[in-house]
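Enquirer: Let me see the structure of the following:
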Amino acid sequence: MSEPASLLEKEIAELNDRLLALEKKGRIRRMLAYAFKLVAGGSCLAIASNFFPTANQLLGAAALVCVFLDGVFANYARLVGEVQAGYAARAQRDKIARDYNRALTPILGRLRKFYAGTPEREAAEAEKADLQTKTHVGLQESVAQVEKALADLDLKALNSLSLEAERTATRGEG
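Expert: Residues are numbered from 1 along each chain as shown. You can find the predicted model right below:
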């Protein structure tokens with residue numbers, strides 16, 4: 001794999017790596033969500049139909065464990081949030097790339113048209129550098145937005161673990 005040629009290319013490569021990691025986590029969470037739903041739903045169906053009468057207690061425990069684990073680890077909420085963040089990051093990256101390419105095309109035309117050392121060539125090179133800086137800033141802001149959304153998701157998931165509501169209810173406050 002070749003080394004990125006510019007800071008902008010490096011930023012895009014890092015964003016792509018983050019997106020791939022987010023997608024991998026999403027696939028794992030998705031598989032867990034399906035497994036939890038299948039076990040919980042299948043157990044409930046088997047209990048309701050009395051298909052394995054001697055295993056009803058075990059099936060009920062399996063369903064309860066799946067619901068408990070999904071809730072404790074906020075798997076479903078995190079899955080939805082991470083998938084949304086991934087889609088948003090991908091859309092932002094694609095928009096930034098499209099805008100960059102649209103703005104870069106006429107600059108490249110001027111760079112090909114004028115020889116090195118001419119004022120027109122220098123102006124085109126300065127414009128290209130300015131475009132790369134603006135694009136770099138846009139990528140950084142996009143990454144920061146996605147990371148903030150993921151951090152907010154983590155905080156929300158952690159807050160859902162609080163037993164404060166249960167303590168308040170048992171004290172008769174509320």
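Enquirer: what ranges do the helices span in this protein?
Expert: 7-49, 56-72, 75-113, 119-160, 164-171 (DSSP state H).
Enquirer: In CSV, list those helices along with mean pLDDT and mean neighbour count.
Expert: Glycine gets a C-beta too; all of them are placed from N, C-alpha and C. Formatted as CSV, the helices of the chain follow (pLDDT from 0 to 100; neighbours: other Cβ atoms under 10 Å):
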stretch, mean pLDDT, mean neighbour count
helix 7-49, 85, 15
helix 56-72, 89, 15
helix 75-113, 86, 15
helix 119-160, 86, 14
helix 164-171, 62, 9
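Enquirer: Please name the nearest non-neighbouring residue to Q84.
Expert: Of all residues not flanking Q84 in the chain, A149 sits nearest, at 7.6 Å (Cβ to Cβ, 6 or more residues apart in numbering).
Enquirer: tell me the contacts of that neighbour?
Expert: Counting by Cβ atoms under 8 Å, 6 or more residues apart in numbering, A149 touches G81, Q84, A85, A88.
Enquirer: contacting residues for the last one?
Expert: What that stands for is A88. Contacts for A88 (Cβ under 8 Å, 6+ apart) come out as Q145, V146, A149.
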